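Engineer: pasting the sequence and the predicted model now:
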Amino acid sequence: MSPRSLLVAIFLSLLTSTLVAQTDFYDFGFVRDASVSVVEDGHPLLFPWAGGLNSVRFSEIDLDLDGTPDLLGFEKHGNRVLPFLRIGNVYQYAPQYVRLFPDLHNWVILYDYNHDGKADIFTYGLASVRVFRNISTDTLRFELVTDALQAFYYNGYTNIYASPDDYLVVEDIDGDGHLDILNFWVLGRYVHHLRNYANEGDPFDFRLENECWGHFSEAADNNTITLFTDCNDKSDDDDYTRHTGSSMLLHDFSGNGLPDLLVGDVDSPYNILLYNNGTLDDARMTAQDTAFPTNMPIRLYSMPAASLVTLPGRTVPSLLVSPSDPSLTKSQDLNSVWMYDYDTQLQQYTLTQTDFLQGDMLDAGSGACPVLFDFDGDGLQDLFVGNYGRFDSAKSVNGWLTSYFSSSMSYYQNTGTVTVPVFTLQNQDFGNLKQLGLNALHPTFGDFDGDGLVDMLCGNKDGTLLLVPHQRLMTGAGNLTMNFASVDAGEYSTPQFFDLDGDGRKDLIVGNRRGLLSYYRNVGSDIPQFQKITDTLGGVDTRDFTQSYFGYSVPCFYHDAQRGTVLFCAGELGEVAYYKQIDGNLDGMFEKAEQNLVETIQGVAQEFREGRRAAATVADLTGDGKPELILGNYAGGVAFFKGAEPPAHTAVNTYEPASLHVYPNPTTNILHVESDQPIKQIVVYDFLGRIVLIINNIGEKSTVVDTKTFAAGVYFVRLANHSVAKFLKANK
């Protein structure tokens, strides 16, 4: 996707990120359940269903307002919020707080900018910085302050530039009590200091104080640091445009009272520590350490981003480091959160763990795809989790970092009862498939060779199917059948073996990267034989072209005693679409529910927020006639949802949009903007997502926007409470 297409996609994503609304009752209900046990190596995991970690940054925030700082993780691969309550000296996963946060994108930094003791949110806007103020009283609440922080550059105020891939510094840099910002110049290389000249009436008045903070520069195409520079070379040479993506952490590591800077860089596995020997008003980096910390240097692919958090039982903040590269295929997945504790005797940070928190999660690596199936025939559904792969190694290829992953299958036997499932890990490489070096193995089960024993059939990245016979599943040895039945449904094939036409023989339905479903009817007898019927089964299409060209459909057909055959189809953006009216309608269009499936939180329907590349599997695991749902995501983890009564209420967004009416539309010279609530701020964007106008502090329910100087074209009006309207500016 081109940079311009990506910008448009991000912009439209922000415009359309509202929760679902439904006038009718849902057919199925799901309530998140973190109590189901998962046992690995003889020990129950502390938070197995937290969803995995690949690229996460942590901050402290008081979630339950008890005066004790809790922990918030933000997982970049899927924009997931991960809250953890501090209970004594341990953390407890607390997903009930997720819905209290606004939709956050790309990166999140928490900082109490107004000194009221409550952590506020700074996050990626549209090539800028969005800010939410923490207005919690009796419960956690946030209020949008601005979609785009501004600063005075040279001749006037304009948006503060922020890349979706950078972690900038949001902190009081010069010790004057006001929040400042450090960010890289738009082409990288140099760090800008945006000093905050705030006053009592306005907490933000940023001005470009220094366009060469620290007097250092970073190379255009790697992470080489040059000290003692004045940043005079701001050429637009193409060599400079390649650099995008850096992380920064400001902290006095040397103990001289001045803030040092820890810098990570795209495609690099290590951080560089720059030592400051200037002054608070004029930072000067005079030395650098490329092997920090000395005890065990950070070597973590790619673009490690660090944060400092005071963990339970510690008095000195620990250093938590995780990749922040936006690519889904670079992270060291299973060991991607390194924890360094400060050793007071050695007076340095010491590596104590490489899987902080994630070691107590059910984490398959990257791209988890769970499937429920009773493999051992004991009447209990077992859990299998395939993956895109697990990190093996990384190297530079033609100047670009390439990470290598190999896919495997984890087998969790259900050792519980018909009403209380317990999943116990039996094998992390079921079928001995990791050695094949494949990617994106997705399983389904059945007797595919006619010997009366259960085999495993896997889709994979190249779109073909791999047959793993029963003998190999039991012993790890035996022949494999590549390109089974010559089926090729398209890249990232996701098969399901299910009797779709009701003739007593299971058919083959295969999802793919395009977001469609292919249907292969079983016309065999003892040994399945598949006849291709269609590549567009039921009109199912999980693509949303405003955000991605691909759908990554994962079908899960389910026979419900009351409704017959239904389809839960997960996709690229983390949604689970629901289809019915399938029986007797295989040649037609399945009836898609107006809204995607939801979870129920305190009686209210809320969209699933489990991250990208969702994969869903359902089965009645508790014997109550209501199917449970297990939902995987690209960060490698899974979430468990217990079957429940369908929600009776419409979904409610914490930031519920007000009504918004704009006219005349099209317009030439003026545009009337009206709402049913007082308007705090209006932001006007062009179709490429560029801000063309901001009007603050309106306070009335209607106002007029002067559009005379606007070029002809499509524009969007956005209010501070997320309401959006589109209008057309016509030529005079």
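Structural biologist: Yep, it's here. Numbering: from 1, shown residues only.

Engineer: check contacts around F373.
Structural biologist: Shown in contact with F373 (CB atoms under 8 Å, 6 or more residues apart in numbering): 381-382, 384, 443-445. Any C-beta I mention is one placed from the backbone N, CA and C, and that applies to glycine too.

Engineer: what of E40?
Structural biologist: 362, 424-425.

Engineer: who does it bridge with?
Structural biologist: In this structure, E40 bridges to H43 when assessed by DSSP bridges.

Engineer: that one and Y634, how far apart?
Structural biologist: Distance, E40 to Y634, by CB to CB, to the nearest Å: 21 Å.

Engineer: just N155 next, same as before
Structural biologist: The value you get for N155 to Y634, if CB to CB is used, is 43 Å.

Engineer: quick one: which of the two has more around it?
Structural biologist: Y634 (31 against 6; other CB atoms under 10 Å).

Engineer: not counting residues beside it along the chain, what's closest to that one?
Structural biologist: R613 (4.0 Å; CB to CB, 6 or more residues apart in numbering).

Engineer: so the one you found, which state does it fall into?
Structural biologist: coil (DSSP: H, G, I helix; E, B strand; the rest coil).

Engineer: next, it: phi, psi?
Structural biologist: phi 50, psi 60 (degrees, to the nearest 10).

Engineer: mind listing the helices for the stretch 151-300 of the chain?
Structural biologist: Here the stretch 151-300 of the chain has its helices, by DSSP state H, counting those that start in this stretch, at 238-241.

Engineer: quick one: low-confidence parts of it?
Structural biologist: 234-244 (pLDDT under 70).

Engineer: L334: what secondary structure?
Structural biologist: Per three-state DSSP, L334 ends up helix.

Engineer: excluding chain neighbours, give the residue nearest to it in space.
Structural biologist: G365 (5.4 Å).

Engineer: then P293?
Structural biologist: Y349 (4.1 Å).

Engineer: so D507 sits right up against L500, yeah?
Structural biologist: Yes. Using CB atoms under 8 Å, D507 makes contact with L500 at a distance of 4.6 Å.

Engineer: joint contacts of those two?
Structural biologist: 519, 521.

Engineer: what about the strands in the stretch 501-650 of the chain?
Structural biologist: In the stretch 501-650 of the chain, the segments counted as strands under DSSP state E, counting those that start in this stretch are 507-511, 517-522, 530-534, 554-560, 564-570, 576-580, 591-592, 598-601, 604-607, 615-619, 628-632, 638-644.

Engineer: okay if I get those strands as a markdown table plus mean neighbour count, distance to L140 and mean pLDDT?
Structural biologist: Conversion of the strands of the stretch 501-650 of the chain to a markdown table gives the following (neighbours: other CB atoms under 10 Å; distance: least, CB to CB, whole Å; pLDDT from 0 to 100):
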| stretch | mean neighbour count | distance to L140 | mean pLDDT |
| --- | --- | --- | --- |
| strand 507-511 | 27 | 37 | 98 |
| strand 517-522 | 24 | 40 | 98 |
| strand 530-534 | 15 | 48 | 97 |
| strand 554-560 | 22 | 33 | 97 |
| strand 564-570 | 24 | 29 | 97 |
| strand 576-580 | 21 | 26 | 95 |
| strand 591-592 | 16 | 34 | 94 |
| strand 598-601 | 23 | 13 | 89 |
| strand 604-607 | 20 | 15 | 85 |
| strand 615-619 | 26 | 29 | 98 |
| strand 628-632 | 27 | 24 | 98 |
| strand 638-644 | 24 | 21 | 96 |
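
Engineer: tell me which residue is most central in the protein.
Structural biologist: G78 (1.3 Å; CA atoms, centre = their mean).

Engineer: verify the stated contact: that residue with L631.
Structural biologist: No. Taking CB under 8 Å as the definition, G78 is not a contact partner of L631, at 11.6 Å.

Engineer: ok but V98 is inside a helix, no?
Structural biologist: Yes. According to three-state DSSP, V98 belongs to a helix.

Engineer: run a quick neighbour tally on it.
Structural biologist: 16.

Engineer: distance check, it against F122.
Structural biologist: Taken as CB to CB, the span from V98 to F122 is 19 Å.

Engineer: now swap in V36 and tell me
Structural biologist: For V36, the distance to F122 - CB to CB - is 36 Å.

Engineer: for stretch 443-460, the averaged confidence score.
Structural biologist: Across stretch 443-460, pLDDT averages out at 97.

Engineer: before we move on, what about stretch 107-125?
Structural biologist: 96.

Engineer: buried residues, that stretch. List them.
Structural biologist: Neighbour counts over stretch 107-125 (16 or more other CB atoms under 10 Å) mark 107-111, 113, 118-125 as buried.

Engineer: wait, which of those residues is closest to Q435?
Structural biologist: W107 (36.9 Å; CB to CB).

Engineer: what's the burial count for the residue nearest to P293?
Structural biologist: Y349, neighbours per other CB under 10 Å, totals 24.

Engineer: next SSE downstream of the helix or strand that contains it?
Structural biologist: Element membership for Y349, per DSSP states H and E: strand 348-353. Sequence order places strand 369-373 as the next helix or strand after strand 348-353, per DSSP H and E.

Engineer: how far does that following strand sit from its chain's centre?
Structural biologist: Strand 369-373 sits 21 Å away from the centroid of its parent chain (CA atoms, centre = their mean, to the nearest Å).

Engineer: repeat that for stretch 395-405.
Structural biologist: For stretch 395-405, the distance to the chain centre is 23 Å (CA atoms, centre = their mean).

Engineer: what about Q435, distance to D429?
Structural biologist: Applying CB to CB to Q435 and D429 gives a distance of 8 Å.

Engineer: more neighbours: these two, which one.
Structural biologist: D429 (16 against 10).

Engineer: any weak-confidence spans in the stretch 601-732 of the chain?
Structural biologist: For the stretch 601-732 of the chain, counting by pLDDT under 70, the residues that fall below are 649-659, 687-690, 720-724, 732.

Engineer: now with 50, please.
Structural biologist: 651-657 (pLDDT under 50).

Engineer: could you pull out the strands in the stretch 101-250 of the chain for me?
Structural biologist: Going by DSSP E, counting those that start in this stretch, the stretch 101-250 of the chain shows strands at 108-111, 120-124, 129-134, 142-146, 150-153, 156-159, 169-171, 180-184, 191-196, 206-210, 216-218, 225-227, 246-251.

Engineer: quick one: contacts of the fifth one?
Structural biologist: Contact with strand 150-153 is made by 157-160, 181, 194, 204-208, 694, as judged by CB under 8 Å, 6+ apart.

Engineer: most neighbours out of those, which is it?
Structural biologist: L194 leads the contacts of strand 150-153 on contacts (other CB under 10 Å) with 28 neighbours.

Engineer: which strand residues bridge L227?
Structural biologist: F216.

Engineer: wait, what's in contact with it?
Structural biologist: For L227, the contacting residues are 215-216, 274, 285-288, by CB under 8 Å, 6+ apart.

Engineer: if we can go back for a sec, separation between the residue nearest to L334 and F391?
Structural biologist: 7 Å.

Engineer: now the common contact residues for these two.
Structural biologist: 333-334, 405.

Engineer: most neighbours among these, which one?
Structural biologist: D333 (31 neighbours).

Engineer: and that one, how far from E610?
Structural biologist: D333 is 17 Å from E610, by CB to CB.

Engineer: for D172, same thing?
Structural biologist: Counting by CB to CB, the gap from D172 to E610 is 36 Å.
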